[in-house]
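[1] Kindly return the folded structure for what I paste below:
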Amino acid sequence: MSISTYTMPLGPVHVALEEPVYFHLTVEGENIKNVELTSGHVHRGMERLAMQRTLVKNVTLTERVCSLCSNSHSFTYSMVVENALNLEIPERAKYLRVMAEEIKRIASHLFNLAIQVHIAGFKSFFMHVMEVREIMQDIKETVYGNRMNLAANCIGGVKCDVTDELLEYILKQMDVIEPQLEEIQDIFANNHIILTRTNGLGILPPEDALALGVCGPTARGSGIVRDVRRDTPYAAYPDLEFDVITEPGCCVHSRAMVRVRELFESVKLIRQCCNKMPKGPVCNHMGKIPYNEAFAHTEAPRGEVAYYIRTNGSDKPARLKWRVPSYMNWKALSVMMRGCQIAEVALVLNSIDPCVSCTER
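    Below you'll find the predicted structure:
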């Protein structure tokens, strides 16, 4: 090791890191040569807690695994229980689940994009993106009564129906937000500040993305065409039209542009759900709980969320395990950060949209 090469601790508490995670950096001057990551600072033991609660109560518990992906967890958990119980949900519930999921996806992507430009030093644009996100927050509060955890899903379907008036309201709000999303897309694609800070930064080659098993916008930003909604369709997705968005640049800017372009796909899906919404019930009742095991996975805003359950005939699961997208994407930071400067760590980290709390559930 030369005299200009040294090791540097970053975290677990740091002004540029949203949650506690520890990076052990090998640095030469300002350039990062190697990265070792240590997590586990906020372990909550939620899988153990889930085994002490009933199947119904765990809908509420799993929705609190993560904030921005909260609906994805209750969605996927409800699906895995339904698979174990061989319980089919009503058609209307399938559309209502997809609509809620895409509403959350838009809000999640906008939050990540806002934080990205905030780290880049573009404060006025940060405020604008957060202001646009408030449109989605208002939709969540108006339709579901909550601005973060929607509490929309339940085993067998959804908890509450949505009136025709609310569907019309959602469609009008899509007309309001779409022009503003187009403006955001134009700025992300062409603004000098954003391009200077993000283009060519944090490279993740496709072969590394495949080898590490990354998912979500992190994978699609490296040109990997992988989306659970298309690959193994669930709920109402088989009946809806949308494109899987990819970018070839493999950098921080590519991952941001994937999220920007996915906003329009989510708007398209929400409109289809509102226009195609079938009539009928929104929930089917649970039957007898068998001895069984099941698996379910969905495409959350950050990537693939997977749940496994084993039932033993009682109303409490014998085993419940889930895997979150951040768990797969964390390791890719060791590739992305290599060759970057210390000042760029926060930008690269935010580009995978990390969630420590769900990783260390």
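[2] pLDDT averaged over stretch 10-21 - what is it?
    When pLDDT is averaged along stretch 10-21, the result is 70.
[3] in the stretch 1-150 of the chain, which spans are strands?
    5-10, 22-28, 31-38 (DSSP state E, counting those that start in this stretch).
[4] got it, and the stretch 201-350 of the chain?
    291-300, 303-312, 319-323.
[5] Among the strands of the stretch 1-150 of the chain, which comes closest to Ser254?
    The closest of those to Ser254 is strand 31-38. By C-beta to C-beta, the value is 19.9 Å. Just so you know, the C-beta spots here come from the backbone N, C-alpha and C atoms, and that holds for glycine as well.
[6] show me what contacts Val42?
    Glu19, Pro20, Val356, Ser357, Glu360 (C-beta atoms under 8 Å, 6 or more residues apart in numbering).
[7] Filter those down to the buried ones, ChimeraX style.
    The following ChimeraX line selects those of the contacts of Val42 that are buried, judged by 16 or more other C-beta atoms under 10 Å:
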select :19,20,356,357,360
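[8] So which of the contacts of Val42 belong to helices?
    Among the contacts of Val42, the ones falling in helices (DSSP state H) are Val356, Ser357.
[9] Distance to Gln341 added to the contacts of Val42, as CSV?
    Below are the contacts of Val42 laid out as CSV (distance: C-beta to C-beta, whole Å):
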residue, distance to Gln341
Glu19, 22
Pro20, 23
Val356, 23
Ser357, 28
Glu360, 28
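[10] any low-confidence regions in the stretch 251-361 of the chain?
    When residues are selected by pLDDT under 70, those of the stretch 251-361 of the chain lie in 360-361.
[11] tally of neighbours for Asn86?
    10 (other C-beta atoms under 10 Å).
[12] what's the pLDDT at it?
    96.
[13] Tell me who's in contact with it.
    Pro290.
[14] hang on, the earlier thing: out of the strands of the stretch 201-350 of the chain, which is closest to Thr26?
    It's strand 303-312; of the strands of the stretch 201-350 of the chain, that one is closest to Thr26 (C-beta to C-beta) at 28.2 Å.
[15] which helices and strands sit right next to that closest one?
    helix 70-85, helix 216-220, strand 291-300, strand 319-323, helix 325-329 (3 or more C-beta pairs under 8 Å, 6 or more residues apart in numbering; DSSP states H and E).
[16] Just give me how far the second one sits from the chain centre.
    In this view, helix 216-220 has its centroid 10 Å away from the chain centroid, taken as C-alpha atoms, centre = their mean, to the nearest Å.
[17] cool, the longest one as well?
    Taking the mean C-alpha point of helix 70-85 and that of its whole chain, the gap between them comes to 16 Å (C-alpha atoms, centre = their mean).
[18] what helices or strands is that helix leaning on?
    Using 3+ C-beta pairs under 8 Å, 6+ apart, the elements in contact with helix 70-85 are helix 57-62, helix 91-120, strand 153-154, strand 291-300, strand 303-312, strand 319-323.
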